[in-house]
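1. the amino acid sequence is not available; the structure is as follows:
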């Protein structure tokens, strides 16, 4: 999951949390998501960023998102979410 060269990679768990925020709060772009992470304390807390920790560059975020979605981690994560929803009988046909 981590790049061997270039900028530091974003930890997968933080990336998944940020993507969840983007979907749940209907943030239209990754650039806007990074802007929200700059000043929204709820977003920073949920993602796991400290107050003094810098927010990622949108292009780095996009590159890491692609790497995450190409791997099986995102699929396993959302499969687990789907399984919990099935067990709680929250899905319809």
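-> Looks like it came in fine. Keep in mind the model is a prediction, meaning the values are calculated, not measured.

2. could you use CA atoms for every contact and neighbour count after this?
-> OK.

3. now do residue 93 against residue 83, distance only.
-> Separation of residue 93 from residue 83 (CA to CA, to the nearest Å): 15 Å.

4. more neighbours: the two, which one.
-> Higher neighbour count among residue 93 and residue 83: residue 83, with 13 against 2, using other CA atoms under 10 Å.

5. pLDDT wise, what is that one at?
-> pLDDT, the model's per-residue confidence, is 94 for residue 83.

6. if we go by neighbour counts, what in stretch 62-69 is buried?
-> For stretch 62-69, burial by neighbour count (16 or more other CA atoms under 10 Å) applies to 64-65, 67-68.

7. what does stretch 45-63 give?
-> So, applying 16+ other CA under 10 Å, buried residues of stretch 45-63: 47, 49, 55-56, 58, 61.

8. which one of those is nearest to residue 20?
-> Nearest to residue 20 among the buried residues of stretch 45-63 is residue 47, at 9.3 Å by CA to CA.

9. tell me the phi and psi of that closest one?
-> Main-chain dihedrals, residue 47, degrees, to the nearest 10: phi -70, psi -30.

10. same thing with the one 4 residues further on?
-> Here the main-chain torsion angles of residue 51 (degrees, to the nearest 10) amount to phi -60, psi -30.

11. what's the longest helix in this structure?
-> Longest helix of the chain, by residue count under DSSP state H: helix 73-87.

12. mind checking pLDDT for residue 43?
-> pLDDT at residue 43 comes out at 97.

13. report how many residues lie close to the residue lying closest to it once chain neighbours are set aside.
-> The shortest distance from residue 43 to any non-neighbouring residue, by CA to CA, 6 or more residues apart in numbering, is to residue 37 (5.8 Å). Per other CA under 10 Å, the neighbour tally for residue 37 reads 21.

14. so residue 37 is in contact with residue 44, correct?
-> Yes: using CA atoms under 8 Å, residue 37 is in contact with residue 44, at 5.6 Å.

15. which of the helices or strands spans residue 38?
-> Using DSSP states H and E, the element containing residue 38 is helix 30-39.

16. report the mean confidence score over that helix.
-> For helix 30-39, the per-residue pLDDT averages 96.
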